[in-house]
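[1] Next input, structure requested:
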Amino acid sequence: MNFFLIIPLFIATAWGQTIVPPATTVPAVSHENFVISDPLKLTRADHIVAEHLVSMIKLIEKGYVNKDILNKVILETEKKVHFKPFIPWLLAVQEISKLSKASDLIIFCRQYSLKKELFPLEKVLARTGGNYCRERTLEAISRDIDTSKVIADDATQFIQENLKFYLTKKNKKNFAFFVQSHASKPDILKKISQEVTTYSVRHEIVPSQEVLKDIVINEQITKLIQDKGFNLVQTQNVFYAEYGKLIEQGYKVIESKSNDKVKEHFTFLKNYLELNQDHLPVGLCLTRLNDFAKSVFRATFKDLSRDIYKYILKKNNKDIQEDALFFYLWTYLANNEFKDALALAEKYDLLKSSTKIMDPRIKFWLAYIHEELKDTKKALTFYEDVVFNHPLSYYSIMAVKKIQLIKPDSLAVNFYSNNSIKKAPAVSFDTKLLDQDFQSSLIRLKAWAKIDSQRLIKLEVKRLKRHSIPAFLVNLPTDKQAEARSDMHIINARIIMDSQNYLATFRYLYEVLEKKEVIFNRALLEILYPKPYLEDLNQALKKDTLDPIVVLALIRQESVFNPLARSPVGARGLMQLMPMTARRLRNSVRDKHLVNPKINIELGTKYFKGLVKRYDGNLVYVLAAYNAGEGRV
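    Residues are numbered from 1 along each chain as shown. Got it, this is the predicted structure:
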């Protein structure tokens with residue numbers, strides 16, 4: 001169990017430290033306390049307004065507007081300075097909902113479309129308002145047609161101006177219904193069809209099948225369809241759905257335990273992919289085939305799984321290439337075929353081009369292979385590469401322990417020690433320096449995170465990164481800007497994390513880390529390695545010597561602390577347990593129980609302890625077992 005000691009050294013020391021702030025005129029406030037300070041307080045009333053606004057966006061996108069509810073939301077939003085960006089949009093929607101004449105709506109829509117918004121949130125709101133206006137206008141035009149039996153010139157002109165939206169964007173369904181409603185009126189249909197044909201041919205856009213089935217098809221549109229085919233996304237959906245069925249059938253074939261039948265099915269899958277690759281999302285298809293290959297390997301069809309990985313790698317798809325390489329290597333390592341694994345690494349030029357490898361797991365494998373083959377010098381090179389270039393990876397932690405045994409005086413050994421990781425200083429600026437717009441943006445971010453509105457979190461983060469932070473930094477001395485930028489990113493991340501939005505938090509931080517906009521210190525590590533569910537883990541492991549931090553790190557890797565997480569192959573919950581595995585551990589458990597954190601942790605730790613025992617504490621194999629699933633590990 002000594003293998004695990006580095007992990008608590010790395011993570012646990014990041015908490016409970018007494019940090020002495022550097023001398024500064026700014027009041028000493030930690031990032032955590034900065035987030036909960038009074039100027040950034042999210043009140044209950046703010047939270048309620050935010051919830052109502054999110055609901056209002058969803059309703060308007062569906063074309064539903066209750067005027068009484070809308071009026072109430074406008075009144076409460078006008079009282080909240082933090083939600084000021086929503087007011088012009090709400091008032092525009094209110095005006096649109098009041099208008100009923102097509103001529104009035106046409107004028108308003110044209111004026112509204114001329115508005116140019118600067119910020120991401122306002123741009124999205126403007127698009128939503130525009131879509132709603134076009135929908136309402138089309139309804140009004142339709143009513144006029146039913147009454148007068150003709151389509152007015154200004155209505156025809158409006159449709160012509162907005163065919164971009166009616167044929168390719170959010171208003172597609174509205175327009176398809178409009179065309180269908182007037183398909184029995186020859187003169188109207190002819191006019192609409194002419195506009196659709198002219199626009200489609202000019203812009204080389206094939207209308208949706210819902211529109212095509214009702215309009216008048218002439219030679220021009222026929223030739224366009226022959227040249228371009230139907231909408232690529234629609235076509236891909238049809239072919240991908242069929243591919244998905246074939247993959248699912250493949251899992252059932254694996255259960256037959258017949259190598260020949262599985263091989264035959266793989267050949268069928270491969271042929272389907274080759275014949276239809278122009279109509280398929282190839283990256284997604286190869287990802288599912290990669291998962292299928294893992295199941296083939298678990299079923300002890302070692303050589304066949306290697307054939308599948310070889311095929312995947314031959315496609316050279318960047319979305320899946322390194323993951324396939326990792327598991328292809330694993331088929332050799334699992335059988336202690338280290339020389340063959342090294343030959344495979346050489347075949348794919350992994351040794352000479354290791355600096356181009358982005359996946360730390362592969363680098364760790366290369367180090368492990370060399371170590372097993374007694375080439376400690378090369379092993380050390382790869383282990384150190386993992387530590388220095390992938391410090392936030394779980395494999396980096398394992399690499400440090402390996403380096404301790406090979407070369408105790410390596411700089412990598414102390415990479416995570418108390419002295420080598422910079423202690424997090426106090427926030428380098430006061431909240432009083434943030435203007436009202438900046439403070440309001442941070443408070444809105446709190447609200448979106450609490451509501452779990454991923455869409456609005458992204459929009460608010462864009463506003464902060466593109467506008468608020470740069471505008472704030474230009475007023476600081478040059479030598480203070482890097483630290484202040486880092487502080488702001490950590491504050492944004494903590495705001496998101498405080499509402500248990502761990503995946504959004506990590507995505508945010510990894511993006512700014514890649515751009516080198518955040519300083520690597522303890523404040524960063526505290527967010528990247530949080531400790532939710534630690535009490536449940538302590539309870540599940542109270543009679544064991546296994547450190548709960550080890551399992552916590554594994555949960556972070558498997559589910560990003562999401563109790564509702566579900567993998568494409570059906571693994572569920574925090575520790576990503578397969579239902580069959582869970583039932584073997586406890587006969588009474590059902591699939592729905594696996595989203596319960598306490599139950600998932602109880603069963604997951606039991607399974608994990610079994611793996612640790614089976615592989616004599618070798619964390620390399622334990623992790624591979626979790627990555628690749630059960631079977632021959």
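
[2] tell me which helix or strand of the protein sits lowest on mean pLDDT?
    Ranked by mean pLDDT, DSSP states H and E, the weakest helix or strand in the chain is helix 6-11, scoring a mean of 37.

[3] and the next element down the chain from it?
    Sequence-wise, the next helix or strand downstream of helix 6-11 (DSSP states H and E) is helix 31-35.

[4] Quick one: distance of that next one to the chain centre.
    26 Å (Cα atoms, centre = their mean, to the nearest Å).

[5] May I see the buried residues of that helix?
    31-32, 34-35 (16 or more other Cβ atoms under 10 Å). Bear in mind the C-beta positions are built from the backbone N, C-alpha and C, glycine included.

[6] Looking at this protein, which helix is longest?
    With secondary structure taken from DSSP state H, the chain has its longest helix at helix 120-148.

[7] and whatever helix or strand comes next after that one, what other elements does it pack with?
    Tracing the chain C-terminally past helix 120-148 and defining elements by DSSP H and E, one meets helix 153-161 next. Applying 3 or more Cβ pairs under 8 Å, 6 or more residues apart in numbering; DSSP states H and E, one finds that helix 153-161 contacts helix 102-113, helix 120-148, helix 186-203.

[8] For helix 153-161, C-alpha coordinates in PDB please.
    Below are the C-alpha coordinates for helix 153-161, written out as PDB (Å, rounded to 0.1, in the frame of the first residue of the first chain):
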ATOM      1  CA  ASP A 153     -45.900  42.000 -51.300                       C
ATOM      2  CA  ASP A 154     -44.300  43.200 -48.000                       C
ATOM      3  CA  ALA A 155     -44.900  39.700 -46.500                       C
ATOM      4  CA  THR A 156     -43.200  38.100 -49.500                       C
ATOM      5  CA  GLN A 157     -40.400  40.500 -49.200                       C
ATOM      6  CA  PHE A 158     -40.000  39.700 -45.500                       C
ATOM      7  CA  ILE A 159     -39.900  36.000 -46.100                       C
ATOM      8  CA  GLN A 160     -37.300  36.500 -48.800                       C
ATOM      9  CA  GLU A 161     -35.200  38.600 -46.400                       C
END
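
[9] For it, buried residues please.
    Counting neighbours by 16+ other Cβ under 10 Å, helix 153-161 gives 155-156, 158-159 as buried.

[10] same check, this time on stretch 596-612
    Going by neighbour count (16+ other Cβ under 10 Å), the buried part of stretch 596-612 is 597, 599-605, 607-609, 611-612.

[11] Show me where the stretch 351-500 of the chain has its helices.
    Applying DSSP state H, counting those that start in this stretch to the stretch 351-500 of the chain gives helices spanning 360-372, 376-389, 394-406, 436-451, 454-463, 469-473, 478-497.

[12] out of these, which comes closest to residue 627?
    Counting by Cβ to Cβ, residue 627 lies closest to helix 360-372 out of the helices of the stretch 351-500 of the chain; the figure is 7.8 Å.

[13] and the closest one with helix 394-406, angle?
    Orientation check (axes from the mean of the first three to the mean of the last three Cα atoms, to 10 degrees): helix 360-372 against helix 394-406 gives 20 degrees.

[14] Redo the buried residues of helix 31-35 as JSON lines? Include distance to residue 51.
    JSON lines is the format used below for these (distance: Cβ to Cβ, whole Å):
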{"residue": "31", "distance to residue 51": "27"}
{"residue": "32", "distance to residue 51": "25"}
{"residue": "34", "distance to residue 51": "25"}
{"residue": "35", "distance to residue 51": "21"}
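
[15] now, which of these sits nearest residue 519?
    Each of those was scored against residue 519 by Cβ to Cβ, and residue 31 proved nearest at 11.7 Å.

[16] Assess the claim that the closest one and residue 525 are in contact.
    No: contact criterion Cβ atoms under 8 Å: residue 31 and residue 525 do not qualify, at 11.9 Å.

[17] Count the residues that sit near the nearest residue to residue 320 once chain neighbours are set aside.
    Excluding the flanking residues, the one nearest residue 320 by Cβ to Cβ, 6 or more residues apart in numbering is residue 286, at 4.6 Å. Using other Cβ atoms under 10 Å, residue 286 is surrounded by 22 other residues.

[18] buried stuff in the helix or strand that residue 286 is a member of?
    Element membership of residue 286 [criterion: DSSP H and E] is helix 282-298. Neighbour-count burial for helix 282-298, counted by 16+ other Cβ under 10 Å, picks out 282, 284-298.

[19] now swap in stretch 253-272 and tell me
    Applying a neighbour-count criterion of 16+ other Cβ under 10 Å, the buried positions in stretch 253-272 are 253-254, 259, 262-263, 265-266, 269, 272.

[20] possible to save those residues as JSON lines with distance to residue 194?
    Putting the buried residues of stretch 253-272 into JSON lines (distance: Cβ to Cβ, whole Å) gives the following:
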{"residue": "253", "distance to residue 194": "53"}
{"residue": "254", "distance to residue 194": "56"}
{"residue": "259", "distance to residue 194": "61"}
{"residue": "262", "distance to residue 194": "56"}
{"residue": "263", "distance to residue 194": "56"}
{"residue": "265", "distance to residue 194": "51"}
{"residue": "266", "distance to residue 194": "51"}
{"residue": "269", "distance to residue 194": "46"}
{"residue": "272", "distance to residue 194": "41"}
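
[21] and those as TSV, adding secondary structure, pLDDT and distance to residue 447?
    Shown next, in TSV, are those (DSSP: H, G, I helix; E, B strand; the rest coil; pLDDT from 0 to 100; distance: Cβ to Cβ, whole Å):
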residue	secondary structure	pLDDT	distance to residue 447
253	helix	96	49
254	helix	95	47
259	helix	95	56
262	helix	97	51
263	helix	97	55
265	helix	97	50
266	helix	97	50
269	helix	96	46
272	helix	93	47
